[in-house]
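[1] Next one to model:
(chains A and B)
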Protein chains: 2
Amino acid sequence: MLTRIDHIGIACFDLDKTVDFYRATYGFEVFHTEVNEEQGVREAMLRINGTDDGGASYIQLLEPVREDSTVAKWLDKNGEGVHHIAFGTADVDTDSEEIRGRGVRVLYDEPRRGSMDSRITFLHPKDCHGVLTELVTAAASHTSEYSSATTSH
Amino acid sequence: MLTRIDHIGIACFDLDKTVDFYRATYGFEVFHTEVNEEQGVREAMLRINGTDDGGASYIQLLEPVREDSTVAKWLDKNGEGVHHIAFGTADVDTDSEEIRGRGVRVLYDEPRRGSMDSRITFLHPKDCHGVLTELVTAAASHTSEYSSATTSH
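    Modelled structure (predicted):
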């Protein structure tokens, strides 16, 4: 069951400048940064609020680290903007299989590693009214016990 | 201070079909529907989770009700997809003035009426790394005392 808006994924050309914009304009701080080699992105997670399922909602800023990454291609076509949205679930395996059974194309055979050791998959935007939609199960260390943390780690 | 992801605004061609998709695929139910004549949209709010500031996060589905609405023009150009994101604040007037003072264009001189009697304004996407960004103060009747409600009203 999908129980929260986990994050909004925003593609940008320059991660450091975009992080600076979000900090200076809104006061949002970086909670976590990492490079995901498989996805071909460098990313920053800005934690916005806790959620009543014990998780949290983030803004995820994404900068491509190689020209053949999907985010690089997306930026070439669209420019900066919202790249995808993500819903959080306790069980991405079950939910993604159920959704596949409802006729929506799930992009991975099995969930893969996402931000902060989460497990993720994506749904085809053409099956989701134009919205690239991610499903996320947070790592145990990033659910309830971390939901009120505000420092980077 | 912006304290939550209030909603993700998604533009669609057919609101009823899109609501059906979100219900059938994810189990999300309609919390509220309305027509906003000023914005030129018919909309459905799907409540996804409560937030630790006493509010909630929604998916907002938007169908234009007239051809000259900004959402109609956006759909003509982009097709269906994420139209804007919205951050919640207890005081949209103060926050929008502060953000204006930081050099970001605020689209309205004064906040206007948004979904569920909220007060809203928008920030220019060209000043926000390509993201049309809304600021929202929920009506008092839609903050903490409603944050666990799941029925339409």
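[2] What segments of chain A are strands?
    For chain A, the strands defined by DSSP state E occupy A:2-11, A:30-36, A:41-50, A:56-64, A:81-89, A:112-113, A:119-123, A:133-137.
[3] mind putting those strands in a markdown table, mean neighbour count and mean pLDDT included?
    Every residue, glycine included, has its C-beta placed from N, CA and C. Listed next are those as a markdown table, based on neighbours: other CB atoms under 10 Å in any protein chain shown; pLDDT from 0 to 100:
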| stretch | mean neighbour count | mean pLDDT |
| --- | --- | --- |
| strand A:2-11 | 25 | 98 |
| strand A:30-36 | 16 | 97 |
| strand A:41-50 | 23 | 98 |
| strand A:56-64 | 25 | 98 |
| strand A:81-89 | 23 | 98 |
| strand A:112-113 | 14 | 95 |
| strand A:119-123 | 22 | 98 |
| strand A:133-137 | 23 | 98 |
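[4] and of those, who's closest to residue B:89?
    If you check each of the strands of chain A against residue B:89 by CB to CB, strand A:41-50 wins as the nearest, at 11.4 Å.
[5] which other helices and strands contact that closest one?
    Contact partners of strand A:41-50 among helices and strands, from 3 or more CB pairs under 8 Å, 6 or more residues apart in numbering or on different chains; DSSP states H and E: helix A:15-26, strand A:30-36, strand A:56-64, strand B:2-11.
[6] Dump the ones you listed to CSV, plus distance to residue B:79.
    Formatted as CSV, the helices and strands packed on strand A:41-50 follow (distance: least, CB to CB, whole Å):
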stretch, distance to residue B:79
helix A:15-26, 25
strand A:30-36, 28
strand A:56-64, 21
strand B:2-11, 9
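[7] do you know how far residue A:15 is from residue B:129?
    According to CB to CB, to the nearest Å, residue A:15 and residue B:129 sit 10 Å apart.
[8] Same question for residue A:131.
    19 Å.
[9] With residue A:14 instead?
    Residue A:14 sits 9 Å away from residue B:129, going by CB to CB.
[10] can you check residue A:48 too?
    Taken as CB to CB, the span from residue A:48 to residue B:129 is 16 Å.
[11] And for residue A:102?
    Here residue A:102 is placed at a distance of 34 Å from residue B:129 (CB to CB).
[12] which bits of chain A sit near chain B?
    Within chain A, the positions lying close to chain B (CB under 8 Å from any CB of the partner chain) are A:1-5, A:8, A:10, A:12, A:18, A:21, A:24-28, A:48-53, A:57, A:59, A:79-82, A:85, A:87, A:99, A:102, A:104, A:125, A:128-131, A:147-148.
[13] about what we covered before: export the strands of chain A to CSV and append columns for distance to residue B:44.
    CSV is the format used below for the strands of chain A (distance: least, CB to CB, whole Å):
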stretch, distance to residue B:44
strand A:2-11, 16
strand A:30-36, 31
strand A:41-50, 22
strand A:56-64, 20
strand A:81-89, 16
strand A:112-113, 32
strand A:119-123, 20
strand A:133-137, 17
